[in-house]
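Visitor: One predicted model, sequence on top.
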Amino acid sequence: MDYQTILYDLGGGIGVITLNRPDKMNALTSQMRAEIADAMQRATREARVVVITGAGRAFCTGQDLGDSNSAAAADFERVLRDEYEPMIRAIVEAKVPVIAAVNGPAAGAGANLALACDVVIAAESAYFLQAFAKIGLLPDAGGTHTLPRRVGMARAMGAALFADRVSAAQAVDWGLIWEAFPDAAFEAGWRGRAEHLAAGPTVAYGAIKEAMQASLGNSFDEQLSLEARLQGRCGGTRDFKEGVLAFLEKRPASFEGR
């Protein structure tokens with residue numbers, strides 16, 4: 001696919017997807033959603049970690065209400081099923097870690113795109129906004145699933161009903177995101193985190209994702225069984241052997257991702 005609304009860069013095992021409509025604060029269009037989904041599939045094949053970030057002063061301000069291909073109210077259900085769902089699933093189901101590097105405002109579906117990622121890192125000037133109620137809608141793009149599981153029902157309901165801004169610092173305090181960096185250190189911060197994951201045990205990271213996601217619906221016994229199965233898979237990797245050897249030799253491990 002020839003990307004027109006995003007940028008894709010691969011280097012050092014890191015696939016960086018940059019939402020690239022800075023004049024529109026990276027608001028989502030039909031084309032953009034398709035390109036993000038495609039780039040996620042590509043990055044999952046090529047990279048050991050994926051980063052999603054925004055160009056300009058915003059991360060993503062949600063649906064572009066001027067997009068003629070997806071703005072009709074009667075079309076909302078189709079758009080969510082056919083366009084948003086593949087994009088969000090591509091992020092959630094990726095076999096490698098996905099970082100949202102939130103460089104500025106993340107509003108509406110843009111906030112929930114970020115929350116679909118495994119780790120959210122924000123600039124201190126960024127904020128998160130469940131803006132849907134302001135225009136008579138409910139959170140979508142997976143927001144009604146991710147919000148209560150990240151911050152609990154009380155905060156999720158308040159964020160959705162009042163549609164108040166949640167600052168990056170408050171988001172860290174709530175457990176909504178992992179960490180926030182001062183703006184001047186933001187890019188170095190998320191790149192450092194991405195480099196750490198790119199050098200790590202890829203199979204184990206995939207197993208961590210699978211187990212954590214399954215735990216939300218599994219019984220305790222089901223989760224114990226899943227842990228045993230996934231640990232058996234990890235125990236057969238070269239990375240496990242290298243990790244143990246490096247520990248015994250008191251040196252950093254050199255993981256191959258297999």
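Guide: Thanks, I have the structure now. Residues are numbered from 1 along each chain as shown.
Visitor: Give the closest residue to Ala47 in space, chain neighbours not counted.
Guide: Spatially, and ignoring its direct neighbours in sequence, Ala47 is nearest to Gly15 (3.3 Å; CB to CB, 6 or more residues apart in numbering). Every residue, glycine included, has its C-beta placed from N, CA and C.
Visitor: For that neighbour, list the residues it contacts.
Guide: Tyr8, Asp9, Ala39, Arg42, Ala43, Glu46, Ala47, Val49, Val50, Val51 (CB atoms under 8 Å, 6 or more residues apart in numbering).
Visitor: Output these in a markdown table, with secondary structure and neighbour count appended to each entry.
Guide: Listed next are those as a markdown table, based on DSSP: H, G, I helix; E, B strand; the rest coil; neighbours: other CB atoms under 10 Å:
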| residue | secondary structure | neighbour count |
| --- | --- | --- |
| Tyr8 | strand | 21 |
| Asp9 | strand | 12 |
| Ala39 | helix | 23 |
| Arg42 | helix | 18 |
| Ala43 | helix | 25 |
| Glu46 | helix | 13 |
| Ala47 | coil | 27 |
| Val49 | strand | 27 |
| Val50 | strand | 30 |
| Val51 | strand | 26 |
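Visitor: my read is the residue nearest to Ala47 is in a strand, agree?
Guide: Yes - according to DSSP: H, G, I helix; E, B strand; the rest coil, Gly15 belongs to a strand.
Visitor: That one and Glu77, how far apart?
Guide: Between Gly15 and Glu77 the distance is 31 Å, computed by CB to CB, to the nearest Å.
Visitor: And for Pro148?
Guide: 22 Å.
Visitor: Neighbour count: the two, which is higher?
Guide: The neighbour comparison of Pro148 against Glu77 (other CB atoms under 10 Å) goes to Pro148, with 16 against 8.
Visitor: hang on, isn't that one packed against Ala156?
Guide: Yes - here Pro148 reaches Ala156: they are 4.1 Å apart, a contact under CB atoms under 8 Å.
Visitor: Just checking: what are the partner strands of the strand or helix carrying Ala101?
Guide: Counting by DSSP states H and E, the element that carries Ala101 is strand 98-102. Using DSSP bridges, strand 98-102 pairs in its sheet with strand 49-54 (parallel), strand 119-123 (parallel).
Visitor: Give me the next element, helix or strand, following that strand.
Guide: strand 106-107.
Visitor: neighbouring contacts of stretch 180-198?
Guide: 12-14, 47-49, 51, 53, 97, 99, 101, 103, 119, 121-126, 168-169, 171-172, 179, 205.
Visitor: And the residues you listed, which of them are buried?
Guide: When the contacts of stretch 180-198 are checked for burial by 16 or more other CB atoms under 10 Å, the buried set is 13-14, 47-49, 51, 53, 97, 99, 101, 103, 119, 121-124, 126, 168, 171-172, 205.
Visitor: follow-up on the earlier one: quick one, which of the strands paired with strand 98-102 gets closest to Gln4.
Guide: Gln4 sits nearest to strand 49-54 of all those, at 15.9 Å, using CB to CB.
Visitor: Done for today, thanks.
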